[in-house]
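A.B. asks: how would this look folded up:
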Amino acid sequence: MMSYVGRWCVIVASLCLAGCNLEEGSRERMVNLEVVADDPAKQLINLSEAISQSRREGSLYTRRAMVLLRKGDLKQALEDVNEAIKLSSGDPANFFVKAQVLYLMGNSAEALPLALQAERNSYQSSSLYVLLAELYLQRRQYVVANQYIRKALEISPSDEYAFYYRGRILAETGDTTKAIRSYRLALEQNPEFMQPHRELAGLYLDKQDVAAAKVHLDKVEQLAPQDPLHWYYKGLLFLEGQKKDSALYSFSQAVALADTLQGAHYQLGLLQYAKGEYDASLQHLDRAKKTYGNTLKYLTVKAASYERLGENLPALQHYQRIVALEPRHTYALQSIARLKYRLERPRPVLDSMAVRQQAY
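C.D. replies: Just a heads-up that it's a prediction; the model follows:
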């Protein structure tokens with residue numbers, strides 16, 4: 001259920017904090033951020049001074065790239081890790097760091113081969129395996145993604161991010177019971193981990209367990225009040241309570257924060273249709289087409305909106321799509337007959353002379 005929103009926080013937290021050291025599989029140090037670890041600004045000053053005195057030391061660029069990555073300065077982090085690779089191309093940690101940066105910049109296609117290169121060069125890290133799991137999860141290669149989660153848990157059996165991503169894989173492959181269990185394991189390791197709370201809220205809403213969903217949604221609101229999926233699930237919760245105005249507000253907040261959130265656009269389309277706002281309804285439904293475009297409810301509301309706006313041809317076309325999906329759909333069949341009559345009935349022939357006379 002998790003789209004791109006929130007992944008930045010998950011990966012930065014796991015990869016920047018856990019990625020500073022190699023874990024049990026290899027004791028070689030990747031980056032030493034122990035000094036002033038809680039003061040990135042001071043770290044940057046110290047590292048920049050060290051680089052000015054030793055510009056050929058690749059590990060210094062790697063360390064600074066990690067600090068910049070944690071701060072979200074991705075462009076500068078990429079420049080530093082590229083320099084680190086030039087100076088010490090044999091260090092697999094550099095490929096891992098660059099994979100993180102590219103992933104966070106939205107370039108998963110280039111991130112994957114770099115992460116695999118780090119793995120091939122014997123870089124062992126639960127954070128690397130979590131990143132690989134997420135990259136394969138994006139491609140819906142669930143078997144491979146799950147293999148990397150197992151590797152992550154072998155190295156770090158209490159890694160909350162591994163449990164979280166395993167929950168993602170299980171949820172997307174339809175095993176919601178085990179997904180819930182995995183998300184709960186993530187929260188056992190870190191009760192303040194927002195994303196599992198949010199995913200649990202969504203799963204419990206699907207199961208119509210409103211009370212359980214509200215517990216987790218309240219926690220998400222506390223931890224990340226501007227998270228768009230939080231607003232989407234909050235809207236669904238209001239719908240369950242028949243609070244349509246509050247639901248409308250929540251869905252509007254969701255799309256204001258993430259305009260690609262199709263579920264929120266879909267719900268806004270339905271709610272605005274019910275309010276008689278047909279133009280607005282169609283605009284939101286258009287944004288939800290990829291996910292909902294072949295569902296009967298979507299097509300019915302869209303067809304009815306067009307018809308109420310007097311746009312008979314697109315209304316007819318949508319009713320015909322309904323019948324293609326459900327040949328015995330009575331309302332659609334009646335609507336097709338009604339619209340065909342409107343479109344095909346003969347137009348009265350105007351007396352052009354009379355019209356000219358009236359104009360004068």
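
A.B. asks: surely residue 169 meets residue 149?
C.D. replies: Yes - applying C-beta atoms under 8 Å as the test, residue 169 and residue 149 come out as touching, 6.8 Å apart. Where C-beta positions appear, they are placed from N, C-alpha and C, glycine not excepted.

A.B. asks: more neighbours: the two, which one.
C.D. replies: residue 149 (29 against 23; other C-beta atoms under 10 Å).

A.B. asks: how far away is the more buried one from residue 172?
C.D. replies: Noted for residue 149: a distance of 13 Å to residue 172, by C-beta to C-beta, to the nearest Å.

A.B. asks: swap in residue 282?
C.D. replies: 30 Å.

A.B. asks: out of the two, which sits in the busier spot?
C.D. replies: residue 282 (20 against 15).

A.B. asks: tell me the contacts of that one?
C.D. replies: 269, 302, 305-306, 309 (C-beta atoms under 8 Å, 6 or more residues apart in numbering).

A.B. asks: how about 7 Å then?
C.D. replies: 302, 305 (C-beta atoms under 7 Å, 6 or more residues apart in numbering).

A.B. asks: and residue 267, by the same measure?
C.D. replies: Taking C-beta under 7 Å, 6+ apart, we find residue 267 in contact with 235, 251.

A.B. asks: what strand or helix carries it?
C.D. replies: helix 262-274 (DSSP states H and E).

A.B. asks: now swap in residue 179 and tell me
C.D. replies: Residue 179 is part of helix 176-189, with elements assigned from DSSP H and E.

A.B. asks: tell me how many other residues crowd the closest residue to residue 333 other than its chain neighbours.
C.D. replies: Excluding its sequence neighbours, the residue lying closest to residue 333 (C-beta to C-beta, 6 or more residues apart in numbering) is residue 323, at 6.3 Å. Around residue 323 sit 15 other residues, with neighbours defined as other C-beta under 10 Å.

A.B. asks: check contacts around residue 323.
C.D. replies: Here residue 323 is in contact with 329, 332-333, 336 (criterion: C-beta under 7 Å, 6+ apart).

A.B. asks: and it, which of the three is it?
C.D. replies: Three-state call for residue 323 (DSSP: H, G, I helix; E, B strand; the rest coil): helix.

A.B. asks: do you know the pLDDT at it?
C.D. replies: Per-residue pLDDT puts residue 323 at 96.

A.B. asks: how far away is it from residue 136?
C.D. replies: Using C-beta to C-beta, one gets 40 Å for the distance from residue 323 to residue 136.

A.B. asks: same question, residue 181
C.D. replies: 22 Å.

A.B. asks: can you check residue 273 too?
C.D. replies: With C-beta to C-beta as the criterion, residue 273 and residue 136 are 39 Å apart.

A.B. asks: point out where the stretch 1-150 of the chain drops to low pLDDT.
C.D. replies: Low-confidence segments of the stretch 1-150 of the chain (pLDDT under 70): 1-38.

A.B. asks: which residues in it form helices?
C.D. replies: 7-11, 17-18, 40-53, 58-71, 74-87, 92-104, 108-120, 126-138, 142-155 (DSSP state H, counting those that start in this stretch).

A.B. asks: dump these into CSV; add distance to residue 216 as well.
C.D. replies: Shown next, in CSV, are the helices of the stretch 1-150 of the chain (distance: least, C-beta to C-beta, whole Å):
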stretch, distance to residue 216
helix 7-11, 16
helix 17-18, 24
helix 40-53, 31
helix 58-71, 27
helix 74-87, 30
helix 92-104, 26
helix 108-120, 28
helix 126-138, 21
helix 142-155, 22
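
A.B. asks: so which of those helices is nearest residue 200?
C.D. replies: Residue 200 lies closest to helix 7-11 among these, at 15.0 Å (C-beta to C-beta).

A.B. asks: thought residue 201 was touching residue 218?
C.D. replies: No - look at residue 201 against residue 218 with C-beta atoms under 7 Å: they stay out of range, at 9.0 Å.

A.B. asks: pick out whichever of these two has more residues nearby.
C.D. replies: Counting neighbours by other C-beta under 10 Å for residue 201 and for residue 218 shows that residue 201 has the greater number, 28 against 13.

A.B. asks: name the helix or strand for that one, please.
C.D. replies: In the assignment (DSSP H and E), residue 201 maps to helix 194-206.
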